[in-house]
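Chemist: Provided below for reference: sequence and predicted model.
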Amino acid sequence: MEHNREVEIDGNSNPIQISRLALDIGGSLIKLVYFSRNSGDDEDPPKDKVRVSNGVNGRLHFAKFETAKINDCLQFISANKLLLGGGFQHQENCTNDRSFIKATGGGAYKFSELFKEKLGISLEKEDEMDCLVTGANFLLKAVNQEAFTYLNGSKEFVQIDHNDLYPYLLVNIGSGVSMIKVDGDGKFERVSGTSVGGGTFWGLGKLLTKCQSFDELLELSHRGDNRAIDTLVGDIYGGMDYSKIGLLSTTIASSFGKATSHNKDLEDYKPEDISRSLLRMISNNIGQISYLNALRFGLKRIIFGGFFIRSHSYTMDTIAVAVHFWSKGEAKAMFLRHEGFLGALGAFMSYETHSLDDLVVNQMMPLPVNASLGMDTNYDPLKGDLNGTESIQCSVYRA
Ligand SMILES: Nc1ncnc2c1ncn2[C@@H]1O[C@H](COP(=O)(O)OP(=O)(O)O)[C@@H](O)[C@H]1O
Ligand SMILES: CC(C)(COP(=O)(O)O)[C@@H](O)C(=O)NCCC(=O)O
C-alpha cells in the first residue's frame with residue numbers, strides 16, 4: 001500500500017482536489033468514501049438533469065482497511081490529504097467543516113479519541129442503520145447497473161423502477177447481520193438480526209483452517225467439497241431422497257454432521273472442504289432467516305449488502321438458492337455492486353450541504369490502479385468486483 005503520495009493524480013493527470021470524506025468504522029473493516037473534484041473541471045451536467053446552481057463534477061472514491069489496522073487508515077487519510085477539503089469550495093455559502101468528518105458504525109464511538117489525537121479531527125456520529133438505508137436507497141436510485149440477481153452462475157442486472165422500490169428487506173452482512181424493512185427514504189425498521197454473520201465465517205474459518213486472510217479462506221472454498229464434512233439427506237436415507245417432505249438426497253441434512261465421526265480429527269479434513277462447508281452453512285442460514293423475515297412482512301425483494309458477500313459467486317449463489325428454495329420462488333435475492341459501502345455512503349450523504357437528491361451519478365468509471373489506494377490488489381474489472389479500487393463519476397448540485 002502506498003502512503004506517502006503528496007497529491008493524487010486522476011486518469012487525466014490532473015491533481016485531485018478532495019472535498020468531503022466519510023467513514024464507516026465497523027467491527028471488521030473501515031470503509032471510506034470521498035469525493036474528488038478534478039481541477040479545471042467545468043463540464044456540463046448530464047443533459048437530463050436541470051442544473052439548480054453551479055455543480056461540481058468529480059468522482060466518488062472507495063477504500064477499505066481492516067479495523068484492526070486502523071493506523072494504516074489514519075496514515076492513508078493523512079498522506080492523501082483527505083481532510084483538506086472542507087466542503088464543495090466553489091459553491092457560495094459553503095460551511096467550512098474542516099474540524100469534523102461524518103462517521104458511522106461502532107468505531108465512530110470507539111475510536112473517536114484516536115482520530116482527535118492523531119488527526120485533530122472530531123467524528124460527527126451518524127446512526128448506522130440510518131446510514132445503511134440511505135446508502136442503499138442512493139445506490140438503488142442513482143447508480144446504473146447497481147443491483148443484480150445471481151442464480152446458477154449468472155448475474156443479471158435489475159432495472160429498478162423508482163416508483164416501485166419500496167418496501168424491501170435490506171440484509172446487511174457485516175461482522176454480524178442486520179435485517180431492516182425499508183419503506184422509503186429515512187423510513188425503516190430494523191426487524192431482526194443474527195450474530196452468525198461475516199465475523200463468524202472469518203473467525204471460525206481462521207481457527208479451523210489456519211488461513212491468514214479472508215480472501216485466502218474464500219479462495220479455499222472454491223476448491224472444496226462440502227460433502228466431505230456435511231451430512232446429506234442421502235447419507236441418512238441410504239442414498240435416497242426424502243421426497244415426502246421435499247428433500248433431495250443431495251440436500252444438506254446437517255452442516256458439519258460428518259465431523260462427529262469418532263475416528264477423525266481436524267487434521268483429517270481438508271481446509272478447502274471445511275471452508276466450503278462453513279461458507280455454505282452461514283450463507284444458507286442467513287438466506288433462510290432473511291426469507292422468514294421477508295415472509296413476516298410480505299416482502300418480495302431482499303437486498304443483500306455488507307462485505308461478507310464480497311461479490312463472491314458461491315456466497316451469492318448459496319444465498320439466492322436459499323431464498324428461492326424457502327420462498328418456493330416467491331421472493332428474490334438481490335445483490336449490490338457497492339455492497340460493502342452502504343454505511344459509508346449514507347454517512348457521506350448526511351453532510352448538510354448536499355442531500356440524496358443533489359448527487360447525480362453519471363457513470364461507473366474504474367480508476368487506474370495507481371490512483372487508488374484500497375488495501376486489496378485483486379481487483380478484476382471484468383468480474384466487476386469492487387474492492388475499494390473503483391470510483392463513480394458524478395456531479396454534486398445544491399438541493
Ligand atoms: N479483507 C477482509 N478482512 C476481514 N474481513 C473481510 C475482508 N473482506 C471481507 N470480509 C468479510 O466482511 C465482513 C465485514 O463486513 P463489513 O460490511 O465491512 O462489516 P463491519 O461493518 O462489521 O466491518 C467480515 O466479517 C468478513 O466476513
Ligand atoms: C451490532 C451490529 C449492528 C454492528 O454492525 P457491524 O459492525 O457488524 O456491521 C451488527 O453486528 C448486528 O446487527 N449484529 C447482530 C446482533 C443481533 O441482532 O443479534
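Modeler: Here it is on my side, so go on. Ligands and ions are numbered 1, 2, ... in the order given.

Chemist: what is the residue nearest to Q145 when sequence neighbours are not counted paired to in the beta sheet?
Modeler: Excluding its sequence neighbours, the residue lying closest to Q145 (C-beta to C-beta, 6 or more residues apart in numbering) is F157, at 4.7 Å. All C-beta atoms are positioned from the backbone trio N, CA, C, and that covers glycine. Counting by DSSP bridges, F157 forms beta bridges with F148.

Chemist: Now do F157 against A320, distance only.
Modeler: For F157, the distance to A320 (C-beta to C-beta, to the nearest Å) stands at 14 Å.

Chemist: Comparing those two, which residue is more hemmed in?
Modeler: Counted by other C-beta atoms under 10 Å, F157 and A320 do not tie: A320 has more neighbours, with 22 against 14.

Chemist: which residues does the more buried one contact?
Modeler: By C-beta atoms under 8 Å, 6 or more residues apart in numbering, the residues touching A320 are T149, Y150, L151, G287, A333.

Chemist: In strands only, show me these.
Modeler: Those of the contacts of A320 mapping onto strands are T149, Y150, L151, A333, per DSSP state E.

Chemist: Ligand 2 contacts on this structure?
Modeler: For the chain, the residues in contact with ligand 2 (C-beta under 6 Å from any ligand atom) are 26-27, 105-106, 128, 174-178, 193-195.

Chemist: Let's see that with 5 Å instead.
Modeler: Contacts of the chain with ligand 2, taken as C-beta under 5 Å from any ligand atom, map to G26, G27, G174, S175, G176, S178, G193, S195.

Chemist: Now rank those residues by neighbours and give me the top one.
Modeler: The most crowded member of the residues of the chain next to ligand 2, judged by other C-beta under 10 Å, is G26 (27 neighbours).

Chemist: can you pull the pLDDT of N144?
Modeler: On the pLDDT scale, N144 is placed at 86.

Chemist: meant to ask about F325, not that
Modeler: The model reports F325 with a pLDDT of 91.

Chemist: Alpha carbons of stretch 258-274, in PDB - could you do that?
Modeler: What follows is stretch 258-274 as a C-alpha-only set of coordinates in PDB (Å, rounded to 0.1, in the frame of the first residue of the first chain):
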ATOM      1  CA  LYS A 258     -19.800 -35.800   9.500                       C
ATOM      2  CA  ALA A 259     -17.300 -34.200  11.800                       C
ATOM      3  CA  THR A 260     -18.900 -36.100  14.700                       C
ATOM      4  CA  SER A 261     -17.100 -39.200  13.400                       C
ATOM      5  CA  HIS A 262     -15.200 -40.800  16.300                       C
ATOM      6  CA  ASN A 263     -12.200 -41.800  14.300                       C
ATOM      7  CA  LYS A 264     -11.400 -38.500  12.600                       C
ATOM      8  CA  ASP A 265      -9.800 -35.300  13.800                       C
ATOM      9  CA  LEU A 266      -9.500 -31.800  12.400                       C
ATOM     10  CA  GLU A 267      -6.300 -32.800  10.500                       C
ATOM     11  CA  ASP A 268      -8.200 -35.500   8.700                       C
ATOM     12  CA  TYR A 269     -10.300 -32.900   6.900                       C
ATOM     13  CA  LYS A 270      -9.100 -30.700   4.000                       C
ATOM     14  CA  PRO A 271      -9.100 -27.000   4.800                       C
ATOM     15  CA  GLU A 272     -10.800 -26.400   1.400                       C
ATOM     16  CA  ASP A 273     -13.700 -28.700   2.400                       C
ATOM     17  CA  ILE A 274     -14.000 -27.000   5.800                       C
END
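
Chemist: for it, which positions count as buried?
Modeler: Applying a neighbour-count criterion of 16 or more other C-beta atoms under 10 Å, one finds K258, A259, Y269, K270, P271, E272, D273, I274 buried in stretch 258-274.

Chemist: Check these against ligand 1 and report the nearest one.
Modeler: For those, the closest approach to ligand 1 (C-beta to the nearest ligand atom) belongs to I274, at 15.6 Å.

Chemist: pretty sure that closest one is touching L208, no?
Modeler: Yes: applying C-beta atoms under 8 Å as the test, I274 and L208 come out as touching, 5.0 Å apart.

Chemist: Please spell out the segments of the stretch 51-200 of the chain that come in under the pLDDT threshold.
Modeler: Scanning the stretch 51-200 of the chain for pLDDT under 70 picks out the ranges 51-55, 85-98.

Chemist: quick one: the strands in the stretch 101-250 of the chain?
Modeler: Ranges of strands within the stretch 101-250 of the chain are 122-125, 147-151, 154-157, 168-173, 177-184, 187-194, 231-232, based on DSSP state E, counting those that start in this stretch.

Chemist: ok so, going back, which ones among the contacts of A320 also lie next to ligand 1?
Modeler: Among the contacts of A320, no residue is within reach of ligand 1 (C-beta under 5 Å from any ligand atom).
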